[in-house]
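# Mind looking at a prediction? Sequence and model below.
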Amino acid sequence: MGEVSILLTGATGYVGASILQGLLRHPDATKFEITTLVRDSAKAKILEEKFGVKAALGSVTEQEKLTKLAEDAHVVIHTANSSDSIEAMEAILRGLKNRHENTGDLPHLIQTSGTGVFMDDARGEYASTTIYSDLDLAALDALPPNAFHRAVELLAIDADEKGGYARTYIVSPSLIYGLGHGPLFDAGLANPFTFAIAAYVRAALKRGTVGVLNQGAGIWQSVHIDDVVDLYIRMLDAILSDPEKVSHGRSGYFIAENGGQSARELLQAIAEGLFALRRVATPELFIANVLFSNARCKGERARRELGWTPKYTPRDLLELVKSELTAYVKREDSA
């Protein structure tokens with residue numbers, strides 16, 4: 001393997017920083033030329049001086065800068081507002097197209113989406129029997145273009161299928177859990193908190209109780225952050241060693257999940273954890289007017305093509321939520 005130029009967006013975010021750590025500890029890390037896009041000049045300096053990562057100042061909203069950075073990369077790993085910013089995706093794709101036309105290189109885009117694309121409107125009333133598989137291309141093709149995240153997914157797919165100037169892969173994590181950990185987080189460079197659990201904790205602390213809609217029966221799949229990183233690294237290894245063996249474009253859909261749990265189960269764990277910390281009045285759930293959907297799916301492609309074997313299960317989610325709540329509460333108190 002020669003030197004590989006990699007652009008990683010979202011390097012100080014929960015997912016992006018975790019992936020960056022995976023790249024830095026990779027056996028071939030010395031062959032990676034990693035560029036990140038960072039808004040904070042102090043963090044950029046630490047990334048360059050302490051971690052040997054090239055840090056360009058800016059954000060994914062600066063389209064010309066993003067296009068130029070993408071043009072300079074053989075592999076783009078996109079995690080910064082990646083699932084919903086059409087403008088950022090268009091900027092990246094312009095860069096990849098320029099690279100292909102100017103150099104003949106066929107670059108790769110690993111796009112981060114999310115299983116919110118499968119959400120229904122169950123409002124906590126039922127557990128759906130519809131389960132999407134990333135091997136069922138007909139079901140994926142039938143997703144409406146206005147589904148959550150879908151517009152950006154279609155841009156990535158079209159760049160591969162119609163444009164032919166890049167190989168694109170969509171990684172669709174389910175509910176990610178587990179505190180971010182490692183040297184980037186220890187250095188205060190990255191956000192260690194997963195959005196969904198942080199939002200639930202914030203709302204519970206404001207109300208003094210944990211709410212659930214109807215029966216809280218809707219089911220979401222889940223995946224631990226360490227298993228997510230493992231999937232990205234396996235994908236990178238596969239596309240660098242033998243890209244013809246990795247599905248891409250319309251077929252390159254990789255769901256990251258390892259089982260699921262109902263909203264009630266997750267919220268009950270949060271309620272019990274916060275009650276143990278004496279931050280809510282009761283471990284019982286009360287009815288709240290919030291959306292509780294289903295997003296049921298199976299991540300089969302990464303298991304089949306990449307040998308991905310996630311270690312953590314929904315039982316780990318429910319136990320870890322309780323043990324990690326102290327960190328979430330401390331964050332909210334300081335805010």
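Cool, the structure landed.
# Look up the residues forming beta bridges with the closest residue to A139 other than its chain neighbours.
Nearest residue to A139, sequence neighbours excluded (CB to CB, 6 or more residues apart in numbering): Y132, at 5.7 Å. Where you see a C-beta, it was placed from the backbone N, CA and C, and this is true even at glycine. Taking DSSP bridges as the rule, Y132 bridges to C297.
# which residues does Y132 contact?
For Y132, the contact set (CB atoms under 8 Å, 6 or more residues apart in numbering) comprises F118, A139, L140, I255, R296, C297, K298.
# Highest neighbour count among these?
Tallying neighbours with other CB atoms under 10 Å puts I255 at the head of the contacts of Y132, with 29 neighbours.
# A strand includes it, no?
Yes - under DSSP: H, G, I helix; E, B strand; the rest coil, I255 sits within a strand.
# That one and R303 touch, don't they?
No - look at I255 against R303 with CB atoms under 8 Å: they stay out of range, at 9.9 Å.
# check contacts around L96.
A70, E71, V76, P107, L109, A159, Y165, A166.
# Between which two of the residues you listed is the distance greatest?
Longest distance between any two of the contacts of L96 is 13.8 Å, between E71 and A159; criterion CB to CB.
# quick revisit: and the contacts of Y132, which two are furthest apart?
L140 and R296 (13.9 Å).
# where along this structure do the helices fall?
14-24, 41-51, 63-71, 86-103, 137-141, 150-158, 183-186, 195-207, 225-241, 263-276, 301-306, 314-334 (DSSP state H).
# Show me what the fifth one is packed against.
To tie it back to what came earlier, the one meant is helix 137-141. Using 3 or more CB pairs under 8 Å, 6 or more residues apart in numbering; DSSP states H and E, the elements in contact with helix 137-141 are strand 132-133.
# ok, now the first one?
Using 3+ CB pairs under 8 Å, 6+ apart as the contact criterion, the elements in contact with helix 14-24 are strand 4-9, strand 32-38, helix 183-186, helix 225-241.
# on that earlier part again, most packed of the helices of the chain?
With neighbours taken as mean count of other CB atoms under 10 Å, the helices of the chain reach their highest mean count in helix 14-24, at a mean of 23.
# and the angle from that one to helix 195-207?
Relative orientation of helix 14-24 versus helix 195-207 (axes from the mean of the first three to the mean of the last three CA atoms, to 10 degrees): 140 degrees.
# Could you check how far I6 is from H74?
7 Å (CB to CB, to the nearest Å).
# repeat for K245
Distance check for K245 against H74: by CB to CB, it reads 18 Å.
# Turn the contacts of Y132 into a markdown table, including distance to F51 and pLDDT.
As requested, these are exported to a markdown table (distance: CB to CB, whole Å; pLDDT from 0 to 100):
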| residue | distance to F51 | pLDDT |
| --- | --- | --- |
| F118 | 36 | 96 |
| A139 | 41 | 97 |
| L140 | 37 | 98 |
| I255 | 30 | 98 |
| R296 | 38 | 96 |
| C297 | 34 | 97 |
| K298 | 36 | 97 |
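# List just the nearest of the residues you listed to P27.
Ranked by distance to P27 (CB to CB), the contacts of Y132 are led by I255 at 26.8 Å.
# Please name the nearest non-neighbouring residue to that closest one.
Using CB to CB, 6+ apart, the closest residue to I255 is G299 (3.6 Å).
# is it true that L154 touches P145?
Yes - in this structure, L154 is within contact of P145 by CB under 8 Å, at 6.3 Å.
# pLDDT weak spots in the stretch 151-300 of the chain?
Applying pLDDT under 70 to the stretch 151-300 of the chain picks out residues 287-291.
# Cheers, nothing more for now.
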